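Enquirer: what's the 3D shape of this:
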Amino acid sequence: MLNAKNGHIRLRSFEMDYIRFGNGKKTLVMIPGVGDGLKTVKGMAAPFSVLYRSLASDFTVYVFSRRVDLVPGMTTRDMAKDLDKAMKALGLSRVCLAGISQGGMIAQWLAIDYPERVSRLILAVTLSRPNPTLQGVVGNWIRMAEAGDYRGIMLDTAEHSYTEERLRKTRKMYELLGSIGKPKSFDRFIIQANSCLTHDAYDELPKIACPVLVIGGTDDKIVTGKASAEIAGQIRDCRLKMYYGLGHGLYENKDFLDQVKRFMNTE
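Expert: Sure thing, here's the model as predicted:
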């Protein structure tokens, strides 16, 4: 039913892992956040299809990682260029596109530079230009990564993403996750994290021509809720959905997927 498949693209200049699931007539492409630098989507088709099973009947969903051989100094715009090539190789155009956190930064450039790829766009818990909150949090993650402190990154990410109520239930789980699954190298994570700090699409956002839904949380401790409102103010055909009292991890809220389906299915 969920039709989950793992995929790998080998192009002349790079390779990229992706997953696919669902049987819907519309195509939805999702771009995950900076956590992709610690664990890619390789081999994750089955668990992703279960986590996002509510999308499977309406959409054929693709989730892309960054290229396998990330190069130091790559920007979010470079990553959007890679994604355009991968989508072209798979014959994907005029898709519904959803970018979460750093994925939202990449999605902005895809919609700006390759408008023929995107029919509707969701930008969730992301920003269009750096702010002091992002610089402080991500800068700290980079220092932890340079020190090989995987547990520290996992715990700090949880503390900055979720409400205190959720943390009381899940803090021990994140402590456990921080003690297993440590990547062999933090290079990918550091490159992706640095690209967040240099991302600046603010002045070019008015070029986005497709309908856009921006989703943010008023209590976002990573990009801030103000960043979501700032994006919405720059795009002509845009609506803004703010979750009051929620933060960066709001995409795990069931209503988030309902918002995605409702917006992407609007004609």
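
Enquirer: helices and strands of this protein: which one has the lowest mean pLDDT?
Expert: For the chain, counting by mean pLDDT, DSSP states H and E, helix 164-177 ranks last in confidence among helices and strands (a mean of 72).

Enquirer: list of residues touching that helix?
Expert: Arg151, Met154, Leu155, Thr157, Ala158, Glu159, Tyr162, Gly249 (C-beta atoms under 8 Å, 6 or more residues apart in numbering). Backbone N, C-alpha and C define where each C-beta goes, glycine included.

Enquirer: and the longest strand belonging to the chain, what other elements does it pack with?
Expert: Longest strand in the chain, counting residues (DSSP state E): strand 59-67. Counting by 3 or more C-beta pairs under 8 Å, 6 or more residues apart in numbering; DSSP states H and E, the packing neighbours recorded for strand 59-67 are strand 15-21, strand 26-31, helix 76-89.

Enquirer: and the second one, what's its mean pLDDT?
Expert: Looking at strand 26-31 alone, the average pLDDT works out to 97.

Enquirer: what angle do it and strand 15-21 make?
Expert: 130 degrees (axes from the mean of the first three to the mean of the last three C-alpha atoms, to 10 degrees).

Enquirer: start at 892 instead
Expert: Taking 892 as the first residue, the last one we looked at is strand 917-922.

Enquirer: quick one: strand 917-922 to helix 967-980, angle?
Expert: Using the same axes, to 10 degrees: strand 917-922 against helix 967-980 is 150 degrees.

Enquirer: quick one: the strands in the protein?
Expert: With DSSP E as the criterion, the chain has strands spanning 896-901, 906-912, 917-922, 950-958, 986-991, 1009-1015, 1103-1108, 1129-1134.

Enquirer: can you redo the ones you listed as TSV with mean neighbour count and distance to Arg1057?
Expert: Formatted as TSV, the strands of the chain follow (neighbours: other C-beta atoms under 10 Å; distance: least, C-beta to C-beta, whole Å):
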stretch	mean neighbour count	distance to Arg1057
strand 896-901	14	30
strand 906-912	21	26
strand 917-922	23	22
strand 950-958	24	23
strand 986-991	26	17
strand 1009-1015	24	17
strand 1103-1108	26	12
strand 1129-1134	17	13
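
Enquirer: those strands: which one's closest to Ile1122?
Expert: Judged by C-beta to C-beta, the one of the strands of the chain that comes nearest to Ile1122 is strand 1103-1108, at 5.1 Å.

Enquirer: tell me where the model's unsure across the chain.
Expert: 892, 1065-1070, 1158 (pLDDT under 70).

Enquirer: now Arg958. Nearest residue, chain neighbours left out?
Expert: Phe905 (4.1 Å; C-beta to C-beta, 6 or more residues apart in numbering).

Enquirer: quick one: that neighbour and Ser956 touch, right?
Expert: No. Taking C-beta atoms under 8 Å as the definition, Phe905 is not a contact partner of Ser956, at 11.3 Å.

Enquirer: ok so, going back, need the helices and strands packed on strand 950-958 in JSON lines with distance to Phe950, can you?
Expert: Compiled in JSON lines, those are given as follows (distance: least, C-beta to C-beta, whole Å):
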{"stretch": "strand 906-912", "distance to Phe950": "9"}
{"stretch": "strand 917-922", "distance to Phe950": "4"}
{"stretch": "helix 967-980", "distance to Phe950": "15"}
